[in-house]
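Asks: the following comprises the amino acid sequence and a computationally predicted model.
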Amino acid sequence: MSPYPLRTLRVLASAAVLATNLLTLPAAAQPAGVTRTDLQRHDLSAPGREAVQVRVDLAPGVAFSRHTHPGEEIIYVLTGAIEYDVEGKPPVTLKAGDVLFIPAGTVHAAKNVGQDTASELATYIVAKDKPLLTLVK
């Protein structure tokens, strides 16, 4: 049997998981002025874990409310100035080229504090069977 049908099945399964995650995010999870572009999603060698990369663009003054992820988030700021409020730490403002590590399950929020659109590359190392993002009240 050719490996191509198996690859096709994997791609379709990945697309289904991605679509499910996007459709199950609460509407409030992506406020006006926030654009999320899913870049890639791959299974990891650790069972039940996957890596997800997303570009997040925030319009000036826009905030992404308090939330958690079912795994670690590694942030690289591409453009602009973003203030991160990570539970247990003082707020920090990062600019292009700066990085931030957010441990699994840690409550955090982000706000564009600059005059232009701010962008980040977010890499998540997360559990496959859980929503990528959970809002916190």
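Replies: That came in fine, so what should we check first?

Asks: burial count for residue 89?
Replies: The local packing of residue 89 (other Cβ atoms under 10 Å) involves 12 other residues. Glycine gets a C-beta too; all of them are placed from N, C-alpha and C.

Asks: again but with residue 43, I slipped
Replies: Residues near residue 43, counting by other Cβ under 10 Å: 14.

Asks: hey, what's it bridged with?
Replies: Assessed by DSSP bridges, residue 43 has beta-bridge partners residue 50.

Asks: that one contacts residue 128, correct?
Replies: Yes: if you go by Cβ atoms under 8 Å, residue 43 and residue 128 touch, sitting 7.4 Å apart.

Asks: gap between residue 106 and residue 65?
Replies: 15 Å (Cβ to Cβ, to the nearest Å).

Asks: higher neighbour count, the two?
Replies: Under the criterion of other Cβ under 10 Å, the comparison of residue 106 against residue 65 puts residue 106 first, with 16 against 13.

Asks: element containing the more buried one?
Replies: Under DSSP states H and E, no helix or strand contains residue 106.

Asks: so what's the backbone phi/psi at it?
Replies: Dihedral angles phi and psi of residue 106 (degrees, to the nearest 10) take the values phi -80, psi 130.

Asks: for residue 65, same thing?
Replies: Torsion angles, degrees, to the nearest 10, at residue 65: phi -70, psi 170.

Asks: can you count the residues close to the nearest residue to it once chain neighbours are set aside?
Replies: Leaving out its chain neighbours, the residue that sits closest to residue 65 by Cβ to Cβ, 6 or more residues apart in numbering is residue 109, at 5.8 Å. Per other Cβ under 10 Å, the neighbour tally for residue 109 reads 16.
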